[in-house]
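A.B. asks: need a structure here:
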Amino acid sequence: MSSAYEVCTSQHGSELSVELLQCVSDAAENGRNDISSGLNSFFLIYAGALVFFMQVGFAMLCAGSIREKNVKNVLLWNLLDSAGGAFGFWSVGYAFAYGGQDASKGKTFIGNSDFFLTGDTDLEFWFFQYAFACALSSIVAGTIAERTKMMAYLCYSIFLCGFVYPVCAHAFWSSNGFLSAFAAEPLWGAGVIDFAGSGPVHMCGGVAALVMAIILGPRRGRFYDDDGVELDEPKAMGPHSVTLQVRGTFALWFGWYGFNPGSSIYISTAAYGDVSSLAAVNTTLGSAAGALSGMFTSTIVDERKTGVYTWDTTAAMNGCLTGLVAITAGCATVEPWAAFVIGILAGWIYLAASSLMLRLKIDDAVDAIPVHMFGGAWGVIATGLFTSPGRLEKAYNTTENVGWGRGSGNFTLLGCQLVSVLFVLGWSACIFGPFCMLLKTLNWLRIDPLEEEVGMDISRHKGPAYESEGSAKADAVAALSASRHDLLNISNSLSGRQGKSSKNELAQKEEHADDSVKAGSVNAA
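C.D. replies: Sure, this is the predicted structure:
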């Protein structure tokens with residue numbers, strides 16, 4: 001490949017001239033632009049990969065938080081989040097979120113082009129946003145674990161990534177979004193400041209989880225006995241592996257360094273580098289403060305109740321995650337001291353919200369609703385309280401309408417943030433509620449009670465996740481096998497498509513399979 005100078009001398013001669021100098025200057029500028037563009041693309045792909053790695057964290061955290069008889073089921077769900085989410089976001093999700101955006105066209109409710117990536121799309125940006133969509137889908141998975149049908153999970157995963165989340169993303173981040181700070185005429189002259197998604201990602205997923213948990217109902221035996229009598233205290237159901245929980249928490253924390261710093265989108269200038277660096281520092285401080293406040297507050301409360309100091313790993317882990325969720329909105333616009341304050345309050349909000357869920361008898365298997373819905377709402381509001389002028393200028397190129405909590409007396413930004421919280425709450429609940437009711441009407445939502453007692457791994461995934469599986473009772477497994485055997489005989493009798501000999505052969509095979517399942521479960525128990 002010829003150098004820029006050689007190309008220019010071949011066009012303008014070797015003698016020094018204005019044309020030659022201009023040619024060399026233009027070639028050097030084009031080279032710098034190419035390097036800058038490539039660096040930005042690599043940065044966004046790398047950040048997207050970190051966000052996608054959060055799926056590993058979600059999988060381990062969810063699997064560790066539930067009973068061992070449903071581990072294979074929830075692990076498969078987390079894998080299918082990425083698969084179903086990819087289909088939904090590729091086909092229509094990205095188009096609804098960012099398709100056809102043009103600030104000169106004014107405000108729109110939803111995007112309307114680039115379906116199936118048929119337009120001129122920045123592929124690295126699509127990949128980054130796809131990872132966001134997958135993260136949102138996994139939020140719901142933990143809440144509804146241990147009692148939801150696979151059909152319901154596949155349907156909601158595609159629906160959430162393909163429609164519910166894209167509308168929120170369009171409102172917050174598209175140049176045509178009615179809440180967007182990037183619009184030509186932003187809401188009240190300010191728009192909503194949510195740098196990385198406390199509202200459109202975490203709160204949206206948390207509200208969806210709340211709606212589905214209410215419609216689905218609690219796990220059997222969680223708040224009521226088999227006769228429907230309310231228990232004095234909610235029955236503990238997990239975790240079966242604290243090791244998986246802690247590993248999952250660390251994986252999520254690690255992935256958040258792509259989630260927040262990566263949301264600067266670019267990294268090729270010193271200014272972009274400063275924004276990403278602040279986001280990384282604030283992410284660290286917010287999560288650390290959340291973990292400390294969650295654990296120590298839980299310790300103090302327990303000591304007041306029992307007189308004994310205990311150190312709760314769940315409070316520390318979920319306090320950390322709530323701090324991460326809360327700092328996501330303002331990670332690039334608040335000072336480090338404010339990030340620490342936001343994290344401390346996030347730990348308290350988690351503890352209060354978790355207690356509230358139990359009082360309301362809403363069964364959340366992994367406490368995703370307190371972490372993501374309440375933590376996300378607090379993060380959006382906190383941004384309206386603590387955003388500083390200098391940080392806002394670097395991240396959004398404006399110094400107007402800073403945080404009200406800093407003594408500015410300007411309520412505009414905080415007002416915009418409150419409106420956005422109401423929008424996410426209303427949109428997610430109103431669109432996801434009827435969807436879940438439809439699944440329930442079609443009998444696609446909740447598994448059979450006997451399958452729930454046996455566990456999804458044995459009843460639907462060809463055996464337990466662990467050789468030491470002891471959660472599924474032998475008599476429950478036998479009852480499930482007998483039920484399926486009777487159902488198969490009825491089906492064959494009604495169809496009339498099999499002869500007597502083939503029916504006998506099938507019955508023998510079923511009996512042999514049932515005996516194998518019983519023996520395996522009894523031995524494991």
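
A.B. asks: show me where pLDDT drops low in the stretch 251-400 of the chain?
C.D. replies: Scanning the stretch 251-400 of the chain with the threshold set as pLDDT under 70 gives no residue ranges.

A.B. asks: The stretch 401-525 of the chain too?
C.D. replies: Low-confidence segments of the stretch 401-525 of the chain, defined by pLDDT under 70: 405-409, 468-481, 484-525.

A.B. asks: Please repeat the previous calculation with a cut-off of 80.
C.D. replies: Along the stretch 401-525 of the chain, the model assigns pLDDT under 80 to residues 401-410, 467-525.

A.B. asks: what does the stretch 1-150 of the chain give?
C.D. replies: The model of the stretch 1-150 of the chain has pLDDT under 80 over residues 1-21, 24, 26-29, 31.

A.B. asks: close enough to count as contact, residue 125 and residue 266?
C.D. replies: No: the pair residue 125 / residue 266 is not scored as a contact, 10.7 Å apart, by Cβ atoms under 8 Å. C-betas here are computed from N, CA, C, even on glycine.

A.B. asks: Pull out the CA atoms of the helix or strand hosting residue 158 and give them to me as PDB.
C.D. replies: Assigned by DSSP states H and E, residue 158 belongs to helix 150-159. What follows is helix 150-159, C-alpha atoms only, in PDB (Å, rounded to 0.1, in the frame of the first residue of the first chain):
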ATOM      1  CA  MET A 150     -41.600 -22.800  28.900                       C
ATOM      2  CA  MET A 151     -44.100 -21.600  26.400                       C
ATOM      3  CA  ALA A 152     -44.800 -18.500  28.600                       C
ATOM      4  CA  TYR A 153     -41.100 -17.800  29.000                       C
ATOM      5  CA  LEU A 154     -40.400 -18.000  25.200                       C
ATOM      6  CA  CYS A 155     -43.400 -15.700  24.500                       C
ATOM      7  CA  TYR A 156     -42.600 -13.100  27.100                       C
ATOM      8  CA  SER A 157     -38.900 -13.000  26.200                       C
ATOM      9  CA  ILE A 158     -39.500 -12.200  22.600                       C
ATOM     10  CA  PHE A 159     -42.300  -9.800  23.500                       C
END
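
A.B. asks: what does that helix contact?
C.D. replies: 77, 80-81, 84-85, 87-88, 137, 140-141, 144, 208, 212, 432, 435-436, 439, 444-446, 460 (Cβ atoms under 8 Å, 6 or more residues apart in numbering).

A.B. asks: mind listing which of the residues you listed are in helices?
C.D. replies: 77, 80-81, 84-85, 87-88, 137, 140-141, 208, 212, 432, 435-436, 439, 460 (DSSP state H).

A.B. asks: And the buried ones among these, selectable in PyMOL?
C.D. replies: Entered in PyMOL, the line below selects the buried ones among the ones in helices among the contacts of helix 150-159, by 16 or more other Cβ atoms under 10 Å:
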select buried, resi 77+80+81+84+85+88+137+140+141+208+212+432+435+436+439+460
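
A.B. asks: what about the helices in the stretch 1-150 of the chain?
C.D. replies: Taking DSSP state H, counting those that start in this stretch as the criterion, the stretch 1-150 of the chain contains helices spanning 4-12, 18-65, 71-88, 94-98, 123-143, 150-159.

A.B. asks: Tell me which of those helices sits most buried.
C.D. replies: Counting by mean count of other Cβ atoms under 10 Å, helix 94-98 has the highest mean neighbour count of those, with a mean of 26.

A.B. asks: what distance separates that one from the centre of its chain?
C.D. replies: 18 Å (Cα atoms, centre = their mean, to the nearest Å).

A.B. asks: Run through the neighbouring helices and strands of that helix.
C.D. replies: Counting contacts by 3 or more Cβ pairs under 8 Å, 6 or more residues apart in numbering; DSSP states H and E, helix 94-98 packs against helix 123-143, helix 165-173.
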